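Undergrad: Sequence first, predicted coordinates after that:
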Amino acid sequence: MNIDIFRAYDIRGKYPDELNEDGAYVIGRSYGSYLQQKYHTNTCIVSCDNRLSSPSLVASLEKGILESGCNIIDYGRTTTPMNYYGRYLNQMPGIMVTASHNPKDENGFKFSFEKMINARGEMIEDFKNYTLQGNFLSGMGTITRNDIKDKYLEYLKYSLKFGRNKRKVIIDCGNGATTFIARSIFSKVFCDFEIINEEDDGTFPHHHPDPQVKENLKQLQEAVLAKKADLGIAYDGDGDRLGIVMENGEVMPIEHYMILMIKDMCPHVQNKKFLYDIKCSKCLSDVITSLKAEGVVSRTGASYTQYETYQENLPFGGEYSGHIFFRDRDADCGSAIYASLRLIEYLSHRAEKLSELCQDIPRYYATDELKFPAINDEIKFKVVDAIKAFVIKQGYPYWDIDGVRVNFSNGWALVRASNTGKNILFRAEADTMEGLEMLKNIFIPLINQYNKENLGE
């Protein structure tokens with residue numbers, strides 16, 4: 001088995017070169033055995049997205065789980081948040097077969113051991129070592145096939161209270177997992193909507209389903225302007241991340257979405273602490289401070305955001321990548337669809353356009369998240385270590401909760417290793433364009449230099 005598929009918060013790799021049916025069977029045997037031996041649990045949830053490789057991987061995975069003596073509740077095709085909801089509803093762990101926003105030729109497993117919250121960090125490392133030892137249980141579990149859709153629909157909408165201002169929304173499913181459920185949900189809430197890329201197609205023919213990449217939002221931007229819609233919403237491949245287009249056709253920074261939600265809920269929650277990841281703009285901390293609330297900075301990764309938001313009983317947690325967790329009304333299961341419904345609800349109580357509601361948010365100059373390919377996972381971490389050594393030598397103030405974030409008086413720069421691919425990631429922000437260029441000119445050449453040095457060039 002290719003051990004590189006075990007990552008910081010999931011298992012992921014190219015199909016079939018890095019992850020295939022044989023590997024899925026072994027992981028199933030290991031997972032079922034691990035649950036029984038270490039967590040004294042003998043039943044789990046399994047479901048999958050609509051990638052072309054998902055059905056065969058599920059079949060092999062479930063064969064392995066059953067042959068460990070562990071039982072399965074199979075919910076078939078779902079979004080990742082529906083899988084989380086199945087875990088929440090049954091109070092048991094589970095596996096979602098998906099590669100999330102990664103390319104169509106990849107697949108993987110998001111999985112938990114402790115009910116709803118995904119495994120992460122040392123938990124996955126321990127599971128990897130257990131898997132490689134191969135000392136699995138034998139037995140014959142049972143499988144129950146069920147449908148969670150109707151319960152999930154009710155769960156998503158029961159806490160929503162819409163105002164009088166009915167908004168027009170364009171939904172881009174990106175041909176991914178939300179095609180199973182989007183129309184059923186939006187037909188039951190207070191809005192006018194149109195859906196694009198609604199065909200179930202795991203080859204993602206129209207664009208890659210990653211709403212963090214602006215190139216993937218061009219079709220939605222055009223549709224919002226052509227239809228004179230109030231906003232557009234795009235979902236990633238497994239439905240746990242969103243991107244937003246405003247009525248003027250501009251992409252809404254996810255931090256601005258987070259600010260609107262935090263400002264809306266802050267007067268109504270007792271615990272005024274809000275979580276965001278290390279990649280987020282300073283505008284978040286500015287607004288949270290102005291609300292006399294407290295910001296909590298976390299490392300990147302939906303599993304970490306989900307865990308810390310739950311562990312600290314925070315009303316809200318979000319990531320720059322578009323993972324959003326609400327806990328102000330109930331334990332939201334990280335659903336991008338629910339996050340978009342909350343925005344539609346918010347707008348239904350207001351007369352302003354979405355862009356107008358963002359006008360008073362502090363503005364900084366920032367890069368998108370830039371990717372620098374590394375030849376393998378080992379090198380990407382060596383590059384980050386080299387950047388950290390440079391920062392320490394220069395005496396720059398920094399955080400190292402996830403990669404290296406260097407904090408200057410006029411801005412910040414972050415270099416970290418991707419946990420979902422063989423990339424070194426960079427993002428920077430400054431008070432001025434000149435300050436941003438300075439940060440780019442310091443760190444981008446260093447990334448390229450250390451990347452080449454580690455390749456022996």
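TA: Received the coordinates, thanks. Residues are numbered from 1 along each chain as shown.
Undergrad: And stretch 223-242, what's buried?
TA: Neighbour-count burial for stretch 223-242 flags 223-224, 229-242 (criterion: 16 or more other C-beta atoms under 10 Å). (Each C-beta comes from the backbone N, C-alpha and C, glycine too.)
Undergrad: again with stretch 309-318
TA: Buried residues in stretch 309-318, counted by 16+ other C-beta under 10 Å: 309, 314-318.
Undergrad: Also stretch 421-435?
TA: Quick answer for stretch 421-435 (16+ other C-beta under 10 Å): 421-431, 435.
Undergrad: Lowest-confidence entry in those residues?
TA: Across the buried residues of stretch 421-435, the smallest pLDDT goes to Gly421, namely 78.
Undergrad: In this structure that residue contacts Asn102, no?
TA: Yes - using C-beta atoms under 8 Å, Gly421 is in contact with Asn102, at 6.9 Å.
Undergrad: Tell me where the stretch 351-457 of the chain has helices.
TA: Under the criterion DSSP state H, counting those that start in this stretch, helices of the stretch 351-457 of the chain are mapped to 354-357, 377-394, 433-454.
Undergrad: and for the last one, what are the contacting residues?
TA: This points to helix 433-454. Residues outside helix 433-454 that contact it (C-beta atoms under 8 Å, 6 or more residues apart in numbering) are 365-367, 370, 372, 374, 379, 382-383, 386-387, 390, 406, 408, 410-413, 415, 424, 426, 428-430.
Undergrad: Out of these, which end up buried?
TA: For the contacts of helix 433-454, buried by 16+ other C-beta under 10 Å: 365-367, 372, 374, 379, 382-383, 386-387, 390, 406, 408, 411-413, 415, 424, 426, 428-430.
Undergrad: Out of those, name the ones that lie in strands.
TA: The strands, defined by DSSP state E, take in 365-366, 372, 406, 408, 411-413, 415, 424, 426, 428-430 from those.
Undergrad: Go through these and name the one nearest Lys166.
TA: Ala366 (33.9 Å; C-beta to C-beta).
Undergrad: next SSE after the host helix or strand of Gln36?
TA: Under the criterion of DSSP states H and E, Gln36 resides in helix 21-39. As assigned by DSSP H and E, the chain's next helix or strand after helix 21-39 is strand 43-48.
Undergrad: so what's the closest residue to Tyr396 other than its chain neighbours bridging to?
TA: Take Tyr396 and drop its neighbours on the chain: the residue closest to it by C-beta to C-beta, 6 or more residues apart in numbering is Val406, 4.9 Å away. Note on Val406: beta-bridge partners by DSSP bridges are Tyr398, Ala413.
Undergrad: Could I get the contacting residues of Val406?
TA: Contact analysis of Val406 by C-beta under 8 Å, 6+ apart lists 391, 396-398, 412-414, 443.
Undergrad: For these, work out which two are farthest apart.
TA: Pro397 and Phe443 (14.8 Å).
Undergrad: Which segments of this protein make up each domain?
TA: 3-147, 151-357, 365-454 (automatic domain parsing).
Undergrad: now the longest one, how far from the centre of its chain.
TA: Once both centres are worked out by C-alpha atoms, centre = their mean, to the nearest Å, domain 151-357 turns out to sit 12 Å from its chain's centre.
Undergrad: Same check on stretch 136-146?
TA: For stretch 136-146 - counting by C-alpha atoms, centre = their mean - the centre lies 30 Å from the chain centre.
Undergrad: What does the pLDDT read for Gly202?
TA: 96.
Undergrad: oh, I was asking about Gly456
TA: 53.
Undergrad: Phi and psi next, for the one residue sitting closest to the centre of the chain.
TA: Of all residues in the chain, the one closest to the mean position by C-alpha atoms, centre = their mean is His323, 4.2 Å from it. His323 has phi and psi values of phi -80, psi 130 when expressed as degrees, to the nearest 10.
Undergrad: can you put the contacts of Val406 in a markdown table and add pLDDT and distance to Met246?
TA: Formatted as a markdown table, those follow (pLDDT from 0 to 100; distance: C-beta to C-beta, whole Å):
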| residue | pLDDT | distance to Met246 |
| --- | --- | --- |
| Val391 | 97 | 36 |
| Tyr396 | 97 | 36 |
| Pro397 | 97 | 35 |
| Tyr398 | 97 | 34 |
| Trp412 | 98 | 26 |
| Ala413 | 98 | 28 |
| Leu414 | 98 | 26 |
| Phe443 | 97 | 31 |
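Undergrad: of these, buried ones?
TA: For the contacts of Val406, buried by 16+ other C-beta under 10 Å: 391, 398, 412-414, 443.
Undergrad: wait, which of these is closest to His208?
TA: Using C-beta to C-beta, these come closest to His208 at Leu414, 23.4 Å.
Undergrad: who touches stretch 143-156?
TA: With contact meaning C-beta under 8 Å, 6+ apart, stretch 143-156 is reached by 62, 66, 71-76, 78, 82, 85-86, 89, 180-181, 184-185, 188, 335, 337-338, 341.
Undergrad: 7 Å instead?
TA: Stretch 143-156 is contacted from outside by 62, 66, 72-76, 78, 82, 85-86, 89, 181, 184-185, 188, 335, 337-338, 341, using C-beta atoms under 7 Å, 6 or more residues apart in numbering.
Undergrad: that older thread, which two among the buried residues of stretch 309-318 are spaced furthest apart?
TA: Among the buried residues of stretch 309-318, Pro315 and Gly318 lie farthest apart (C-beta to C-beta), at 11.3 Å.
Undergrad: Any stretches of the stretch 151-300 of the chain with poor pLDDT?
TA: Nowhere does the stretch 151-300 of the chain drop to pLDDT under 70.
Undergrad: Can you tell me who the residue nearest to Ser187 when sequence neighbours are not counted pairs with across the strands?
TA: In this structure, Ser187 finds its nearest non-sequential neighbour in Phe193, 8.0 Å apart by C-beta to C-beta, 6+ apart. According to DSSP bridges, the partner residues bridging Phe193 are Val169.
Undergrad: Okay, Phe193 and Arg183: tell me how far apart.
TA: The gap separating Phe193 from Arg183 is 8 Å, by C-beta to C-beta, to the nearest Å.
Undergrad: now the host helix or strand of Val58 and helix 21-39, what's the angle there?
TA: Per DSSP H and E: Val58 is located in helix 54-67. Between helix 54-67 and helix 21-39, the angle comes out at 40 degrees (axes from the mean of the first three to the mean of the last three C-alpha atoms, to 10 degrees).
Undergrad: now the helices: where do they sit in the stretch 201-350 of the chain?
TA: Along the stretch 201-350 of the chain, counting by DSSP H, counting those that start in this stretch, helices occupy 218-227, 254-265, 282-290, 302-311, 336-348.
Undergrad: In JSON lines, list the ones you listed along with distance to Gln37.
TA: Formatted as JSON lines, the helices of the stretch 201-350 of the chain follow (distance: least, C-beta to C-beta, whole Å):
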{"stretch": "helix 218-227", "distance to Gln37": "47"}
{"stretch": "helix 254-265", "distance to Gln37": "40"}
{"stretch": "helix 282-290", "distance to Gln37": "42"}
{"stretch": "helix 302-311", "distance to Gln37": "22"}
{"stretch": "helix 336-348", "distance to Gln37": "35"}
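Undergrad: This completes my enquiry, with thanks.
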